[in-house]
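A.B. asks: Task: produce atomic coordinates for the following.
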Amino acid sequence: MKQPLRTTLLAGAALLGATSFFSSCNDEPPPAPKHYVVAVALNLSAEIRADISQRLQLWIGKQLPSGSALDVIDAYSLEPVCSIKIPPGRLGDNLNTRMKAIIVDLDKMDEALQKGQEQARDVAGRGRLPQFLEHIGRNLHAIDGAIFVGNPLYLEGPFSMWGGYCPNDAHLPTSGDVSDYGVEEKTTLLKGITVHIVSPLKDADIYDSDAHRYAVTRFWHLYTRAMSGETGYYGHSLDEAIGFATNPAGFAEQKSREPAYQLSLKEDEQMMMVKIDRDTPAWLVDRSAGALGGVAKSQRMPAQAKFSLGVRWDAPVDLDLYVRPAPGKAEVFYACRISPELEHHGDVRSGEEQRWEYVESRAEVQANDLRQMKAYINFYSGNAPAAGVECEARLVFGEKVYARHLVLAARAGNRGRDRDGNRQSGCWAEIPISEIMGLP
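C.D. replies: Down below sits the predicted model:
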């Protein structure tokens with residue numbers, strides 16, 4: 001039968017006797033004490049909770065500096081599970097005296113994690129990440145890091161991320177009384193604190209799609225930043241999160257490879273929970289239908305069919321698609337998504353999302369009517385590469401697929417401020433629908 005880790009640590013302490021296990025082999029000063037907070041979802045599976053307990057015990061028993069403290073709380077109720085304080089100085093350096101001082105609290109933590117609350121809540125790993133961050137910001141000061149272990153989806157009421165939903169950026173500047181994601185009165189709560197988010201669950205058990213995963217990941221990065229904090233590690237490994245919390249410099253290269261998550265709060269944008277499309281339409285997935293600048297070869301253009309238009313780009317900037325079916329008709333874009341004729345999907349905030357922002361007709365359209373349709377791309381926010389922002393526009397009418405390469409020449413976005421004007425600046429590019437489709 002496998003022994004509990006704390007038993008193994010105690011046995012090692014007995015063999016070492018009075019040896020100062022944590023003391024340095026040279027004259028370097030001892031590492032400074034640290035204070036961390038870990039929130040664990042207690043309704044994870046028994047196997048996962050047991051693994052979490054083992055890893056936390058190893059961290060506390062053999063890795064944290066003398067004088068350090070670790071608070072463990074329930075990720076949902078925010079009630080304390082245990083508070084472990086390692087003795088300072090030589091008492092904490094010696095494995096024997098360290099383990100004797102903290103063994104009761106280790107047992108308390110292990111018992112709580114082993115017991116769990118598997119039947120208490122409906123979704124495995126359910127926690128309340130916004131409330132956890134507010135809790136540490138208001139009640140715990142001068143901590144060196146926080147780790148959330150559970151399902152990263154917030155699952156409460158109308159603000160639930162379940163089923164492919166994610167809040168748009170308009171939630172962030174609101175009050176907490178208006179949205180559970182509002183930070184209006186919390187903009188400095190996490191100052192100097194790095195938060196690490198660990199999900200021991202498989203992506204398929206959390207997110208609806210890769211696009212949903214990206215949207216949620218991006219939102220939590222923006223959320224902590226809006227509270228003057230930072231999201232450090234975001235992934236599945238508790239060991240890596242502990243390593244990041246303990247030695248942030250060692251993860252600098254990994255952080256540098258992350259997407260440049262940028263806030264893209266649009267001036268007239270309404271707060272909403274956005275459904276991230278689970279299945280991208282086939283005409284956007286199949287790149288063989290039309291290459292950049294090319295036209296697909298297929299049967300003759302039908303007299304009447306459904307119409308679709310999408311835009312995709314790679315640069316870490318925010319572009320917006322505007323489509324008006326005819327003069328005098330309502331234009332659809334990110335703030336007006338449905339009209340009698342068209343429906344707007346997406347509102348992609350960065351080319352790094354690798355998703356299409358697109359519009360589809362709600363019913364079949366006469367080919368002759370497409371001559372009146374006007375479509376534009378606006379460079380909303382971000383800084384462009386030297387060559388401008390390159391993008392692909394793809395049009396579908398019936399079975400015919402068309403593509404056109406376009407470039408927006410501006411070096412920075414203009415937040416769509418001149419959308420009611422002539423749209424002639426370098427922040428706008430017209431998609432010449434009639435020309436691309438060869439309409440007479």
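A.B. asks: and the residue nearest to the spatial centre of the chain, how far is that from residue 60?
C.D. replies: With distances taken as C-alpha atoms, centre = their mean, the residue of the chain nearest its centroid is residue 217 (1.0 Å). Distance from residue 217 to residue 60, counting by C-beta to C-beta, to the nearest Å: 29 Å. C-beta here means a position set from N, CA and C on the backbone, and glycine is covered the same way.
A.B. asks: again, but for residue 104
C.D. replies: 13 Å.
A.B. asks: more neighbours, those two?
C.D. replies: residue 60 (24 against 11; other C-beta atoms under 10 Å).
A.B. asks: State whether residue 70 and residue 80 are indeed in contact, as I suppose.
C.D. replies: No: look at residue 70 against residue 80 with C-beta atoms under 8 Å: they stay out of range, at 11.5 Å.
A.B. asks: So these two - more neighbours on which side?
C.D. replies: residue 70 (22 against 11).
A.B. asks: Which helix or which strand is home to that one?
C.D. replies: strand 69-74 (DSSP states H and E).
A.B. asks: Any regions of this structure where pLDDT drops low?
C.D. replies: The model of the chain has pLDDT under 70 over residues 1-28, 118-122, 260, 278-299.
A.B. asks: Quick one: the helices in it, in order.
C.D. replies: 5-16, 46-58, 89-93, 95-115, 129-139, 210-226, 238-246, 252-256, 282-285, 433-437 (DSSP state H).
A.B. asks: Go through stretch 405-425 and flag the buried ones.
C.D. replies: Residues of stretch 405-425 classed as buried: 406, 408, 410, 413, 414, 415, 416, 419, 423 (neighbour count, 16 or more other C-beta atoms under 10 Å).
A.B. asks: Any idea what the first one is bridged to?
C.D. replies: Read it as residue 406. With DSSP bridges as the criterion, residue 406 is bridged to residue 391.
A.B. asks: can you list the domains in the chain?
C.D. replies: According to automatic domain parsing, the chain comprises the domains 5-256, 280-437.
A.B. asks: Figure out which of those is closest to residue 268.
C.D. replies: domain 280-437 (5.2 Å; C-beta to C-beta).
A.B. asks: starting at the chain centroid, how far to that closest one?
C.D. replies: 26 Å (C-alpha atoms, centre = their mean, to the nearest Å).
A.B. asks: before we move on, back to that, identify whichever of the domains of the chain lies nearest to residue 274.
C.D. replies: domain 5-256 (5.1 Å).
A.B. asks: who are the neighbours in contact with the residue nearest to the centre of the chain?
C.D. replies: 152, 234, 261 (C-beta atoms under 8 Å, 6 or more residues apart in numbering).
A.B. asks: Would you confirm that the last one contacts residue 218?
C.D. replies: Yes: shown here, residue 261 and residue 218 form a contact pair, counting by C-beta under 8 Å, at 4.8 Å.
A.B. asks: what touches both of those two?
C.D. replies: The contact sets of residue 261 and residue 218 overlap at residue 350 (C-beta under 8 Å, 6+ apart).
A.B. asks: For the two, indicate the residue with more neighbours.
C.D. replies: Just comparing residue 261 and residue 218: by other C-beta under 10 Å the higher neighbour count belongs to residue 218, 22 against 19.
A.B. asks: Quick check: the more buried one touching residue 355?
C.D. replies: No: in this structure, residue 218 is not within contact of residue 355 by C-beta under 8 Å, at 11.6 Å.
A.B. asks: which residues touch the residue nearest to residue 240 when sequence neighbours are not counted?
C.D. replies: Distance criterion C-beta to C-beta, 6 or more residues apart in numbering; nearest residue to residue 240, sequence neighbours excluded, is residue 233 at 5.7 Å. Residue 233 sits next to 196, 197, 198, 240, 241, 244, 245, 251 when contact means C-beta under 8 Å, 6+ apart.
A.B. asks: For residue 206, see how far away the fourth one is.
C.D. replies: Which is residue 240. 18 Å.
A.B. asks: ok, these two, which is more surrounded?
C.D. replies: Applying other C-beta under 10 Å to residue 240 and residue 206 shows that residue 206 carries more neighbours, namely 19 against 16.
A.B. asks: and the angle for the strand holding residue 70 with helix 46-58?
C.D. replies: Relative orientation of strand 69-74 and helix 46-58, computed by axes from the mean of the first three to the mean of the last three C-alpha atoms, to 10 degrees: 170 degrees.
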